[in-house]
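Sequence and predicted model, in that order:
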Amino acid sequence: MDKSNGYENHATTFIRCRSKGINGVGAPSVRHWARSLPANATVLDIGCGIGDPISKALVDEGLNVYGIDASPSMVEIFRQNFPSSPVACEAVENSSFFNRQFDAIIAWGLMFLLPEETQEVVIQKMANSLSAGGKLLFTASSQKMKWNDAITGIESISLGAEKYKALLVASGLSLIEEFEDEGENHYYHAVKL
């Protein structure tokens, strides 16, 4: 089974579409969030891809970034882009990085690519890997819906705001805010109690 949810087979297309530099969609919102974190915070970027523009925004803000992505092609480029940042090529739900603690975790453009049960597992694992007071930021539609991913054609699933909020609370997290960026991506920003 392809743990990259079709992205390894479409890595070239994804890289061409996503690599827009620091002004890429989502980067301004991620920069703003990064500024709310402690200096030199350690951040896990799950579904990091090649790291441009999300990991780049974090690194540019002086944060220590770890990455996880299941696409070997994208992990290889991430390593070239960020040689000082540890990165693992593995399915997020099986990542060994969840055996350590982070000051913050981000999942930009990933959650809805995972099956519903996997999203639930990943939210709990992210919560468990956050230090007390640690922050979580992820994107997923506020509407409960299914659609086919624009790049892979594979079904994407948003559990909807009510379900995500319930999962956050059940995992010991408190929702700080929800907002949308210039690309109409919906964000959930939570903190570990």
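Received it, and whenever you're ready, just let me know what you need.

pull the longest strand from the protein.
strand 130-139 (DSSP state E).

is it true that residue 107 touches residue 47?
Yes. Here residue 107 reaches residue 47: they are 5.8 Å apart, a contact under C-beta atoms under 8 Å. Bear in mind the C-beta positions are built from the backbone N, C-alpha and C, glycine included.

Now do the shared contacts for these two.
Shared contacts of residue 107 and residue 47, defined by C-beta atoms under 8 Å, 6 or more residues apart in numbering, comprise residue 92.

Could you check stretch 81-97 and say which residues are buried?
81-82, 85, 87-89, 91-93, 95, 97 (16 or more other C-beta atoms under 10 Å).

What is the end-to-end distance of it?
20 Å (C-alpha to C-alpha, to the nearest Å).

Just the residues contacting it, thanks.
With C-beta under 8 Å, 6+ apart as the test, stretch 81-97 has contacts from 3, 44, 46-48, 50-52, 55-56, 59, 64-72, 75, 78-79, 107, 110, 114, 118, 121-122, 125, 129.

Please pick the buried ones from those.
The neighbour count (16+ other C-beta under 10 Å) marks 3, 44, 46-48, 50-52, 55-56, 59, 64-71, 75, 78-79, 107, 110, 114, 118, 122, 125, 129 as buried among those.

what's across from the residue nearest to residue 136 when sequence neighbours are not counted in the sheet?
Leaving aside its chain neighbours, residue 136 sits nearest to residue 190 (4.6 Å; criterion: C-beta to C-beta, 6 or more residues apart in numbering). Under DSSP bridges, the beta-bridge partners of residue 190 are residue 136, residue 175.
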